[in-house]
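Peer 1: My questions are about this predicted structure, shown below with the sequence.
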Amino acid sequence: MSNSTSKVPTIEEEYNGAPPRLQDEATAVRDRLAANRTLPARYTRRRGLQPPPGMTAEAFLAAIAELRAELKGGDDLIQINDDAIDLVDGWYLDKPASTHDAFHVADPENLASSAVIFPRSTEDVQAIVRWANRHTSSSADGKTRGVPLYPISMGRNLGYGGAAPRVAGSVVLDLGRNMHQILSLDGGNASCVVEPGVTYFALYEAVERLNEKNKDTQTPLWIDTPDLGGGSVLGNAVDRGVGYTPYGDHFGNHCGMEIVLPDGSLLRTGMGALPGPDGTDNPAWQSFQHSFGPAVHGLFSQSSLGIVVKMGFHLMPAPPAHQSYCLTFPREDDFAAIVEVIRPLAQQGVLGNIPQLRHVVQELNVTGQSRETFRTKGGSGPLSAEEVHAAAAKLPLGDCSWVFYGTQYGPTQEALQNQLADIYKKFADAIPGTRLVLPEDVPADHYLHSRALVCAGVPVLRELDWLNWVPNGAHLFFSPIAPTRGEDARALHALIADLHKKYQYDLFPTLCVAGREMHYIANIVYDRSDADAKRRAIQLMREMIAACAARGFGEYRTHLLFADQVARTYSWGGQALLKLHETIKDALDPQGVLAPGRNGVWPAAYRGEGWELGVDDVDLNVIGPKKK
Ligand code: EUG
């Protein structure tokens, strides 16, 4: 619980806590966010317990009582979200509200769950899935469906829906609380196996201990972390999240999963499908991602086809030397040229990692100060370009328009200096006014130091500072993919910038640029207490999704409430992809118990009732089937 007089617990005290090295920083970040909150810390429910759709509260509570008896776990294993359980947004390192979306974009009760279950084991998860299939109700047109379950790992998918289920009244399976063991850490194979509740913070600490133990005999290992370290390693990977070392493709670097299928049976992917001798795990389970026959592992990422309870990952042997740096570019319209320089460098493997290209406005918000701190011209709404540049001029990087944050890895510092000189020259030749900035050139609290840690696999908390931009800060990510090409970059950026202007939002573009594609991440930061700001954020998302799709740009991931719209933009061949997703969903989960609606895929027992939210759905305070 947030309590501004107490320290954030450490990871030794609570599995969801902060690493000891970041305890004071975490406490300060939390208290700063709390000071910017004008909303009450908790909201009382107005709608009371929301049972699963089609089930009465009585039938639901009777089913829960049966499960409670079956699990023999006592009261700690199941929380019923009735009037006794307030909605608490909390903050990032609290166990984020598994009652609703802590970063609600509409009424927080619109995505409220009916109950939260905290399974202790794979067997518990199997029992819960079988229970959900036994307790059926009827859809409006008479189709049989089970209790909707919504599995989360840490529930920290903030900006994409957090811990909230897509169908209000679903039962959240909070896997993290009781399933947070690192099941294996194999220095020789450079791999690990984790449960859903293992955070980047926790895995980092464990790998550091292993490195210390083996320091005389083995190259140290790195993990790969996204921008924030509190998330689940497994959860982020199944959502196809991104990190910044050479192992930054999290799903791509997984190796082997154990999965509870929607009928409660168990599956192992990869070499784990072949039993090891005498009941052991297959010796190559964390060595080879594939098995034999049609590949199925992809079916379990961004999906509702199974609950991943164990997942293996490769770990990167630390390079002897690494060097982070930034390059600054003076003009707004240098953007396309920057992207053109990155493409060949990334394709040739000259760039060491997935760099971030950020607009200079992020130099402002990552200081953790509010927008009003930088306002000089009066008024309200987004800062003007003049205000942004005037403020940037006073910050360590000075005035510029774009900042490239890169990292090189290599055998020696000398080799890295040569690489840096080559990279700088490529940019400077194409873009007049390019400047190179090294960590020693900026103060200790500059963001470059935080990036340098992330790019060396050290998880941090720094990116939360964005949220102070407005009071009650929350955010939504808009995350389209575009080819790494100047003209596409320019077109995409123009579409997004125009719509931000129309809906009066500051535009915060961060691009993660690879050799052939780039993830354009626009972070929409809004005030959770401001109903008008929320409505504008929703309209902005809806119009960006539609306008980008019309130009061929589609999202790699999205918030729950926009998933239907995004899924339906992938419409080639008469919605061939969505049709296949539905066919597979119906075959594996005929009663639709697992995460109905997740990523836009609705089970047969929900289709045709009007659950899907489309471009015109802007009022999201109450969501549910629309009468046809
Ligand atoms: C970020 C990157 C992401 C994402 C959300 C946020 C980075 C923000 C590449 O994917 O999905 C600074």
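Peer 2: Perfect, thanks for sending it. Residues are numbered from 1 along each chain as shown.
Peer 1: going forward, measure contacts and count neighbours with C-alpha atoms only.
Peer 2: Noted.
Peer 1: If you average the pLDDT over stretch 409-421, what comes out?
Peer 2: The average pLDDT for stretch 409-421 rounds to 97.
Peer 1: Contacts for it, please.
Peer 2: 319-323, 350, 352, 408 (CA atoms under 8 Å, 6 or more residues apart in numbering).
Peer 1: what do you get for stretch 121-129?
Peer 2: Against stretch 121-129 from outside (CA under 8 Å, 6+ apart): 67, 71, 119, 149, 178-179, 260, 262-265, 309, 593.
Peer 1: Can you tell me which of these lies closest to the ligand?
Peer 2: Val309 (22.4 Å; CA to the nearest ligand atom).
Peer 1: Distance check, the closest one against Gln347.
Peer 2: 35 Å (CA to CA, to the nearest Å).
Peer 1: likewise Pro246?
Peer 2: Taking CA to CA, one finds Pro246 at 13 Å from Gln347.
Peer 1: In terms of neighbours, single out the busier of those two.
Peer 2: Pro246 (19 against 12; other CA atoms under 10 Å).
Peer 1: and Ile538, what does it touch?
Peer 2: Counted by CA under 8 Å, 6+ apart, Ile538 has contacts 105, 618.
Peer 1: how much space is there between it and Asp506?
Peer 2: To Asp506, Ile538 is 15 Å away according to CA to CA.
Peer 1: cool, Arg37 as well?
Peer 2: From Arg37 to Asp506 the distance is 20 Å (CA to CA).
Peer 1: list the buried ones in stretch 381-393?
Peer 2: Neighbour counts using 16 or more other CA atoms under 10 Å place 382-383, 387-392 of stretch 381-393 among the buried residues.
Peer 1: again with stretch 486-506
Peer 2: Buried, per 16+ other CA under 10 Å, within stretch 486-506: 486, 488-490, 492-493, 496-497, 499-500, 503-506.
Peer 1: do stretch 39-50 as well
Peer 2: 45, 49-50.
Peer 1: What of stretch 520-533?
Peer 2: For stretch 520-533, by 16+ other CA under 10 Å, it's 520-529, 533.
Peer 1: Secondary structure added to the residues you listed, as a markdown table?
Peer 2: Formatted as a markdown table, the buried residues of stretch 520-533 follow (DSSP: H, G, I helix; E, B strand; the rest coil):
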| residue | secondary structure |
| --- | --- |
| Tyr520 | strand |
| Ile521 | strand |
| Ala522 | strand |
| Asn523 | strand |
| Ile524 | strand |
| Val525 | strand |
| Tyr526 | strand |
| Asp527 | strand |
| Arg528 | coil |
| Ser529 | coil |
| Ala533 | helix |
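Peer 1: what subset of these is also close to the ligand?
Peer 2: Within the set of these, contact with the ligand (CA under 6 Å from any ligand atom) is found for Ile521.
Peer 1: from the buried residues of stretch 520-533, which two are the most distant?
Peer 2: Tyr520 and Ser529 (27.4 Å; CA to CA).
Peer 1: What parts of the stretch 151-300 of the chain come near the ligand?
Peer 2: Proximity of the stretch 151-300 of the chain to the ligand (CA under 6 Å from any ligand atom) is limited to residues 241-242.
Peer 1: switch to 5 Å and redo it
Peer 2: Within the stretch 151-300 of the chain, the positions near the ligand by CA under 5 Å from any ligand atom are Val242.
Peer 1: Check the chain too.
Peer 2: Looking at the ligand, the residues of the chain close enough under CA under 5 Å from any ligand atom are Val242.
Peer 1: let's see it at 6 Å
Peer 2: Taking CA under 6 Å from any ligand atom as the test, the list of the chain residues beside the ligand reads 241-242, 510, 512, 519, 521.
Peer 1: which of the residues you listed sit farthest apart?
Peer 2: The widest separation within the residues of the chain next to the ligand (CA to CA) is 14.6 Å, between Gly241 and Thr510.
Peer 1: and Tyr424, that's in a helix?
Peer 2: Yes - using three-state DSSP, the assignment for Tyr424 is a helix.
Peer 1: Pick out the residue of this structure closest to the ligand.
Peer 2: Going by CA to the nearest ligand atom, the ligand is nearest to Val242 of the chain, at 4.9 Å.
Peer 1: partner residues bridging that residue?
Peer 2: Beta-bridge pairing of Val242 under DSSP bridges involves Asp249.
Peer 1: And for Met316, the neighbour number?
Peer 2: 19.
Peer 1: Repeat that for Asn621.
Peer 2: Neighbours around Asn621, by other CA under 10 Å: 14.
Peer 1: Just confirm it is within a helix.
Peer 2: No - counting by three-state DSSP, one finds Asn621 to be coil, located in no helix.
Peer 1: contacting residues for Gln181?
Peer 2: Counting by CA under 8 Å, 6+ apart, Gln181 touches 194-195, 197-198.
Peer 1: swap the cut-off to 7 Å and go again
Peer 2: Neighbour list for Gln181: 194-195, 198 [criterion: CA atoms under 7 Å, 6 or more residues apart in numbering].
Peer 1: could the contacts of stretch 121-129 go into TSV alongside pLDDT, neighbour count and secondary structure?
Peer 2: Converted to TSV, the contacts of stretch 121-129 look like this (pLDDT from 0 to 100; neighbours: other CA atoms under 10 Å; DSSP: H, G, I helix; E, B strand; the rest coil):
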residue	pLDDT	neighbour count	secondary structure
Leu67	97	17	helix
Leu71	95	16	helix
Pro119	97	24	coil
Leu149	98	28	strand
Asn178	96	16	coil
Met179	98	22	coil
Val260	98	21	strand
Pro262	98	27	coil
Asp263	98	20	coil
Gly264	98	22	coil
Ser265	98	14	coil
Val309	98	23	strand
Val593	98	27	coil
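Peer 1: Break down the stretch 301-450 of the chain into its helices, ranges please.
Peer 2: Along the stretch 301-450 of the chain, counting by DSSP state H, counting those that start in this stretch, helices occupy 335-347, 361-365, 371-374, 385-393, 413-430, 447-454.
Peer 1: Point out the least confident one among the contacts of stretch 409-421.
Peer 2: Gly352 (91).
Peer 1: Can you report how many residues neighbour the nearest residue to that residue once chain neighbours are set aside?
Peer 2: The shortest distance from Gly352 to any non-neighbouring residue, by CA to CA, 6 or more residues apart in numbering, is to Gln408 (4.6 Å). Gln408 has 25 neighbouring residues, counting by other CA under 10 Å.
Peer 1: wait, doesn't Gln408 sit right on Cys326?
Peer 2: No - look at Gln408 against Cys326 with CA atoms under 7 Å: they stay out of range, at 11.2 Å.
Peer 1: Tell me, how many residues neighbour Lys394?
Peer 2: Lys394: 10 neighbours (other CA under 10 Å).
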